[in-house]
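what's the 3D shape of this:
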Amino acid sequence: MPENQSAPSLRAARILIIGLSAVIVVLALALVTITIGRSSTPSADDLAAPVNALTDSDDDCVTCHRLQTPGIVEQYGLSTMAAAGVSCQDCHVVDEGYPGSVPHEGLYVLNQPTTAICQTCHVQEVAQFNQSRHGLPAYVAYAGEETLTAAQMELYASIPESGNDPEATRARNALHELEGEAITRFACEGCHDIGKPAADGSVGQCTDCHLRHEFSLEQVRKPETCNYCHIGPDHPQWEIYQESPHGIAYATGGDEW
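Residues are numbered from 1 along each chain as shown. This is a model prediction of the structure:
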């Protein structure tokens, strides 16, 4: 009798243990699912749609370019400059006869605003650029000094480590003589023209780094922006950076910066 009575008890104990184990497993899976769901669920800020500052704009430029260049209008509408109330006219419209301007719908405009226009608001940034190697030194490195005005030569001579030699005139880069105009334009100008003087005498091309109409600080601070020019084999800064501790840190966490 004792043996017969113990058998049902053992079976009941086993069933209880199996049942409890199943409950624990189910609860654990539920907890994992909830945790993953919370971590992957976008916050209210993430779900909020970007605000387009030009959505209700009746500006003449915006009204026309919504049809002609809708991508540009969309991009600029989402920019911080549009949010700050900077209009198309503020950067593009100039006086009649302004160097490089063209007539457009009864106005005179610059298709690509120069640093002289940017300087209206960004005084410090343009001053810093003019003293950098991205300014005239970049242009002179391949084009020489022959086309510089007296004012531009004075600026070039004031730049630290500009390569300027007051005792000599810097000629075009030797590659131009060896390879010719076509190769130089293809291989050099695309990057070195960042420091090319504009028709109004100002120096530089802000949009070479700041993508036009977006003007995102986040974008321009990404190393991929520099990668456009600073790449091998003749100046492999990008490749060197990728293998450096800084490049590795960016590769593993830069998407969150």
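
Low-confidence regions, the stretch 1-150 of the chain specifically.
1-13, 19, 22-23, 26-49 (pLDDT under 70).

mind listing the helices for it?
Counting by DSSP state H, counting those that start in this stretch, the segments of the stretch 1-150 of the chain that form helices are 2-40, 44-47, 60-68, 70-77, 80-83, 88-92, 115-118, 123-130, 136-143, 150-158.

what separates stretch 142-160 from the chain centre, distance-wise?
28 Å (C-alpha atoms, centre = their mean, to the nearest Å).

Restrict that stretch to CA atoms and write it as CSV.
Taking Å, rounded to 0.1, in the frame of the first residue of the first chain, the C-alpha atoms of stretch 142-160 are listed here in CSV:
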residue,chain,number,x,y,z
TYR,A,142,46.9,74.3,-58.5
ALA,A,143,46.1,77.6,-60.2
GLY,A,144,49.0,79.8,-59.2
GLU,A,145,48.8,83.5,-58.2
GLU,A,146,48.5,84.9,-61.7
THR,A,147,44.8,85.7,-61.5
LEU,A,148,44.7,87.1,-58.0
THR,A,149,44.0,90.8,-57.5
ALA,A,150,46.1,93.0,-55.3
ALA,A,151,43.6,92.7,-52.4
GLN,A,152,43.5,88.9,-52.8
MET,A,153,47.3,88.7,-52.9
GLU,A,154,47.4,90.7,-49.6
LEU,A,155,44.9,88.3,-48.1
TYR,A,156,46.9,85.3,-49.4
ALA,A,157,50.1,86.6,-47.9
SER,A,158,48.5,87.1,-44.5
ILE,A,159,47.4,83.5,-44.1
PRO,A,160,49.6,81.4,-41.8
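
in it, what's buried?
142, 143, 145, 148, 152, 153, 155, 156, 159 (16 or more other C-beta atoms under 10 Å). Bear in mind the C-beta positions are built from the backbone N, C-alpha and C, glycine included.

Compute the number of surrounding residues for residue 104.
13 (other C-beta atoms under 10 Å).

repeat for residue 123
Neighbour tally, residue 123, other C-beta under 10 Å: 10.

Spatially nearest residue to residue 72, not counting backbone neighbours?
residue 213 (5.3 Å; C-beta to C-beta, 6 or more residues apart in numbering).
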